[in-house]
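J.: I need the structure of the sequence given here:
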Amino acid sequence: MRYMNRFVFILTAAGFFFFCASAGYCLSDAYKNNIYNPGVLKPVDSTLKVKIGDQAPDFTLRSVSGEIISLKDYRGKKNVVLSFVPAAWTPVCSDQWPGYNIIKDIFDQNDAVLLGITVDNIPTLFSWTNQMGSLWFSVLSDFYPHGAAASRFGVLRSDGMSERALFVIDKKGIIRYIDVHDINTRPPLDVLIQELEKLKK
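T.: The predicted model follows:
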């Protein structure tokens, strides 16, 4: 019952975020006025280079906080969720990442970290995430060489942006779940929660 009540709360909160997103992204006026709407894009525009059961390709990227983070740093220590999003200062991306604050404790319970990745440069990501508010996870720049990490996974689009994609990677570095999502919509939180829970098995 405790988990059921909590699950309903999470879905309600996620629904609230989605409702607000369609009505103006639940953000301050200063933030909303800086959101660029690219319109409806081709849902998927890349070819995956990895599959479930593969060893995840390693990468090393700089975070907004100045850290240098490699995927291999978590091997044997933490499960990892990679959240690739297309671009800073766009509507769905600006709604998606704050939504992960709702389920931080789900990550904690499943010994997992989240790494947010875009092809934007560090100054852009600093400004965007600072306006977005406090995020508990590391935000990484895949700017140079442009989209190198996204390309290794096969989620770099022909226009130079990355797909809106989630990868769940276990402590052995094995890919356990992939969602290359319709770039125009936000991946549902409940599905990610289910995949995180599977890591215990």
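J.: Name the residues linked to residue 177 by a beta bridge.
T.: Residues in a beta bridge with residue 177, per DSSP bridges, are residue 168.
J.: Can you get me a residue count around it?
T.: 18 (other CB atoms under 10 Å). (Each C-beta comes from the backbone N, C-alpha and C, glycine too.)
J.: and it, how far is that from residue 128?
T.: 26 Å (CB to CB, to the nearest Å).
J.: same thing with residue 116?
T.: Taken as CB to CB, the span from residue 116 to residue 128 is 11 Å.
J.: Report the contact partners of the residue nearest the centre of the chain.
T.: Nearest to the geometric centre of the chain sits residue 83, at 2.3 Å (CA atoms, centre = their mean). Each residue near residue 83 by CB atoms under 8 Å, 6 or more residues apart in numbering is listed here: 96-97, 100, 114-117, 165-166.
J.: Residue 52 belongs to a strand, doesn't it?
T.: No: Residue 52: not assigned to a strand; according to DSSP: H, G, I helix; E, B strand; the rest coil it is coil.
J.: From residue 107, how far off is it?
T.: For residue 52, the distance to residue 107 - CB to CB - is 20 Å.
J.: neighbour-wise, which of the two wins?
T.: residue 107 (20 against 11).
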